[in-house]
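Mind looking at a prediction? Sequence and model below.
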Amino acid sequence: MQEKRYQQVADAVAAQIDAGVYGPGERLPSLRRLSAQHRVSISTVVQSYRLLEDRGLLIPRPQSGHFVRLKPARVPLSPGRTAPDPEPTQVTLSHLAMDVLRANESPGVVPLGTAMPYDGFPGVRLLQRTLASELRRAGPRALHNEPPPGLYDLRVQIARRASDAGYAVAPEEIVVTTGCQEALILSLRAVSQPGDIIAIESPAFYGTLQAIESLNLKALEIPTDPVTGIDLAAFETQLARWPVAACILVPSFSNPLGSCMPDSNKQALIALLARHDAMLIEDDIYADLSFDAGRPMAVKAFDRADRVLLCSSFSKTLAPGIRLGWVAAGRRSGTIEHLKFANSGATATWSQLAMARFLDGGGYDRHLRTARAAYRAQRDRTLDHVLEYFPPGTRATCPQGGFLIWVELPPAVEALTLCRRALSAGVSVVPGPLFSPTRRYRNFIRLNCARPVDGTVRDAIRRLARLMTGCERSEQLGGEIAMDFAAQGGGDG
């Protein structure tokens, strides 16, 4: 099949990049200049640059042009497959988690760890304008309650986007929630009872652990590969041994590993759950931030028995403060709707109206193109600095989506001690023990590469590296360390 003109232009520019005509970080020809060079329209050049952006070759910078993406000097060694305890565990992390997170939000601290998206993208500013205009346009309706399952127009937009992830869902099967955390908790309540066992990745997002703890459930950690996700053979062994009610997984760019489960594993996972009559709560919150063209297929795309509750939100892709999430609940939508009403009544109407309009107008897709390219470049720059400044023996993940990096420090470095010292020096990271109910990963930290890697961030990474000297292991993971975090805290985790 003959290539289209915009593809030919893109291939020509890509060949120049490969040949070194344009090096990493250098500015590419303007739209007008490239249009004249190839005798094509400006719109064709725009399509060409978007294709190169999807391929990961360039980065658009608003009001500055298009630049060749920087590549990391070298790819770091990745941490190995995890090997957690094979016993279900009662989770008791909430106090330590809140102490650490409050401290990480202290004024004047460079936030290298908290999982917040960058708020300086043009799409975020467009959303702010949409919120303001929608408040005026909708009038009193914007301040009224929109009872569960939520605003129909928003549910239609979410249902349309589901096809990008490979599954079909009707608007009537979607329940809008106040963020993804509420979606996870409602889903857990729908498929489990207090005392049940919930299987999780290891390491796992501490918000998931707090949800399990709040519902008096037990967590069963499953060995996990930092590239491909949970070990399905190990999971099957655990399913045969323990009465697992459900599992919570982040199959696409997990927090904190950044792992992405291959499609073949997703299919095998569905078959495994069917054999053991277990449910999956799929946390799909980072999937839209894939660095490759197109987003990964959801596990729900392979589900033919309504065994998957898919939860997501716009908190990590766009803006956390808009507090909009959802559950694609299938036949359990009525149960989730009832639980939502009992839990919080309703989700803010104003933000639902604005988000429906933002999605319908294409603002979200334009934002994602910018964010994906920026996060890929910032991942590379962050890894460059980690490899340059951190001590020998450091390992780090190199995720293909999202904006989180999981770093394994030399065995002698105690992450909680390091985090406490770093806060005193004006730098925050999140320590590994928060990501395990048994407080494993004592020499691991999570880094966020969403923020542009400028001089402030580079200096903070260098400062953090210097502080590692003298952070020997300590047997105390709570108590005085947690109190020290709390004493330095200020803000909302």
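Looks like it came in fine.

residues touching the residue positioned nearest the centre of the chain, list them.
The C-alpha lying nearest the average C-alpha coordinate of the chain belongs to Tyr286 (Cα atoms, centre = their mean; 3.7 Å). Residues near Tyr286 by Cβ atoms under 8 Å, 6 or more residues apart in numbering: Val250, Ser252, Phe253, Ser254, Asn255, Lys316, Thr317, Gly401, Gly402. Backbone N, C-alpha and C define where each C-beta goes, glycine included.

Please apply the same query to Thr456.
Shown in contact with Thr456 (Cβ under 8 Å, 6+ apart): Val110.

quick one on the thing from earlier: highest neighbour count among the contacts of Tyr286?
Greatest neighbour count in those, by other Cβ atoms under 10 Å, goes to Gly402: 32 neighbours.

Need phi/psi at the nearest residue to it once chain neighbours are set aside.
The shortest distance from Gly402 to any non-neighbouring residue, by Cβ to Cβ, 6 or more residues apart in numbering, is to Phe253 (3.8 Å). With angles defined as degrees, to the nearest 10, Phe253 sits at phi 60, psi 60.

Kindly report the same for Tyr118.
phi -70, psi 130.

For the stretch 101-250 of the chain, give me the ranges with low pLDDT.
For the stretch 101-250 of the chain, residues meeting the criterion pLDDT under 70 lie at 103-105.

where do the helices sit along it?
122-138, 152-162, 179-191, 206-214, 232-241 (DSSP state H, counting those that start in this stretch).

Most tightly packed of these?
Mean neighbours per residue, mean count of other Cβ atoms under 10 Å, is largest over the helices of the stretch 101-250 of the chain for helix 179-191, with a mean of 24.

And the contacts of that one?
Taking Cβ under 8 Å, 6+ apart as the rule, helix 179-191 contacts 175, 177, 198, 207-208, 211-212, 214-215, 217, 245-246, 248, 279, 281, 283, 285, 309, 311-313, 315, 320, 323-327, 329, 332, 335-336, 339-340, 343-344.

What of stretch 77-88?
The contact list for stretch 77-88 (Cβ under 8 Å, 6+ apart) reads 197, 202-203, 218-227, 231, 238, 241-242, 395-398, 406, 408, 436, 438, 440, 444.

Buried ones only from those residues, please, as a PyMOL command.
Buried subset of the contacts of stretch 77-88, written as a PyMOL selection, criterion 16 or more other Cβ atoms under 10 Å:
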select buried, resi 197+202+203+218+219+220+221+222+223+224+225+226+227+231+238+242+395+396+397+398+406+408+436+440+444
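
Please name the nearest non-neighbouring residue to Ser64.
Using Cβ to Cβ, 6+ apart, the closest residue to Ser64 is Arg27 (7.7 Å).

In CSV: the helices of the stretch 101-250 of the chain, plus distance to Ser43.
Putting these into CSV (distance: least, Cβ to Cβ, whole Å) gives the following:
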stretch, distance to Ser43
helix 122-138, 19
helix 152-162, 24
helix 179-191, 37
helix 206-214, 43
helix 232-241, 46
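
Quick one: closest of these to Val9.
Across the helices of the stretch 101-250 of the chain, Val9 has its closest neighbour in helix 122-138 (24.3 Å, Cβ to Cβ).

name the helices or strands packed onto the closest one?
Contacting helix 122-138 under the criterion 3 or more Cβ pairs under 8 Å, 6 or more residues apart in numbering; DSSP states H and E are the following elements: helix 349-360, helix 363-389.

Off-centre distance for the last one?
Think helix 363-389. Taking Cα atoms, centre = their mean, to the nearest Å, one finds helix 363-389 lying 13 Å from the centre of the chain it belongs to.

weakest of the helices and strands packed on helix 122-138 by average pLDDT?
Per-stretch mean pLDDT for the helices and strands packed on helix 122-138 is lowest at helix 363-389 (a mean of 90).

Buried residues, that one. List them.
Buried residues in helix 363-389, counting neighbours by 16+ other Cβ under 10 Å, are found at 363-364, 367-368, 370-387, 389.

quick one: that helix to helix 152-162, angle?
60 degrees (axes from the mean of the first three to the mean of the last three Cα atoms, to 10 degrees).

Quick check: mean pLDDT of whatever helix or strand comes next after helix 363-389?
The first helix or strand that comes after helix 363-389 along the chain, using DSSP states H and E, is strand 395-396. The average pLDDT for strand 395-396 rounds to 96.

List the neighbouring strands of strand 395-396 plus their orientation.
Looking at strand 395-396 with DSSP bridges, its partner strands are strand 404-408 (antiparallel).

picking that back up, closest to Asp454 out of the helices of the stretch 101-250 of the chain?
Closest among these, using Cβ to Cβ: helix 122-138, at 18.0 Å.

Now Leu467: closest residue in space that isn't a chain neighbour?
Using Cβ to Cβ, 6+ apart, the closest residue to Leu467 is Arg421 (4.9 Å).

List the buried residues in the one helix or strand the one you found maps to.
According to DSSP H and E, Arg421 maps onto helix 415-424. Across helix 415-424, burial judged by 16+ other Cβ under 10 Å covers Ala415, Leu416, Thr417, Leu418, Cys419, Arg420, Arg421, Ala422, Leu423.

who touches the fourth one in this structure?
Applying Cβ under 8 Å, 6+ apart, we find Leu418 in contact with Leu409, Val429, Pro431, Ile445, Leu464, Leu467, Met468, Cys471.

Filter those residues down to just the ones in helices.
Leu464, Leu467 (DSSP state H).

Just the closest of the contacts of Leu418 to Leu96, please.
Nearest to Leu96 among the contacts of Leu418, with distances taken as Cβ to Cβ, is Pro431, at 9.2 Å.

Return the set of residues that bridge with that closest one.
Assigned bridge partners for Pro431, using DSSP bridges, are Ile445.
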